[in-house]
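[1] Make a model of this:
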Amino acid sequence: MINEKKNLIVTTPKSEMENSAKEAQELIKSGGGYYFRTFKKKPKGLEVGSKIYYVEDGYIRGFGEVGGLAGGEMRCEITDREYGDSEDERVCHAIIPACSWKWIKPVAMKGFQGFRYFDDSNVEVVGRWMDTKPEVS
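    Residues are numbered from 1 along each chain as shown. The predicted structure follows:
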């Protein structure tokens, strides 16, 4: 059976927005690296090449392209927190190279928990990973 690659959308909680900004600044400063997003189990259609869009503060801001998938535990170098569980084979980390990040023209969307599948046919890319986050108009 061939899985159809799907794009996802997730929310950065308000409590994590500052950490996300720090993470981005560190990756820009070092010239690269990766982000990761942890799922309790691998979403159907999440594959290398899938895009993960992020809602932050009421707007879809951008996306990164999945460069790899991993299980087990992963540690965030900014917060020093562990994500995942080496005992749970269902855990899936989507690894997103920083250089794959693209800013989009912000689109209003209320935040939510978990993930959703996302049709990105109407998004407009307006910048790359080292560019400044676009203002909301």
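[2] residue closest to the middle of this protein?
    The residue lying closest to the centre of the chain (C-alpha atoms, centre = their mean) is Ile52, at 4.9 Å.
[3] Surely that one touches Thr12?
    No - in this structure Ile52 lies outside contact range of Thr12 using C-beta atoms under 8 Å: 11.1 Å. Backbone N, C-alpha and C define where each C-beta goes, glycine included.
[4] quick one: low-confidence parts of this protein?
    Counting by pLDDT under 70, the chain shows low-confidence ranges at 1-3.
[5] hey, where'd the helices end up in it?
    17-30 (DSSP state H).
[6] Tell me how far stretch 119-127 lies from the chain's centre.
    Centroid displacement of stretch 119-127 relative to its chain, using C-alpha atoms, centre = their mean, to the nearest Å, is 15 Å.
[7] An error on my part: the question was meant for stretch 56-73.
    The chain centre lies 1 Å from the centre of stretch 56-73; the measure is C-alpha atoms, centre = their mean.
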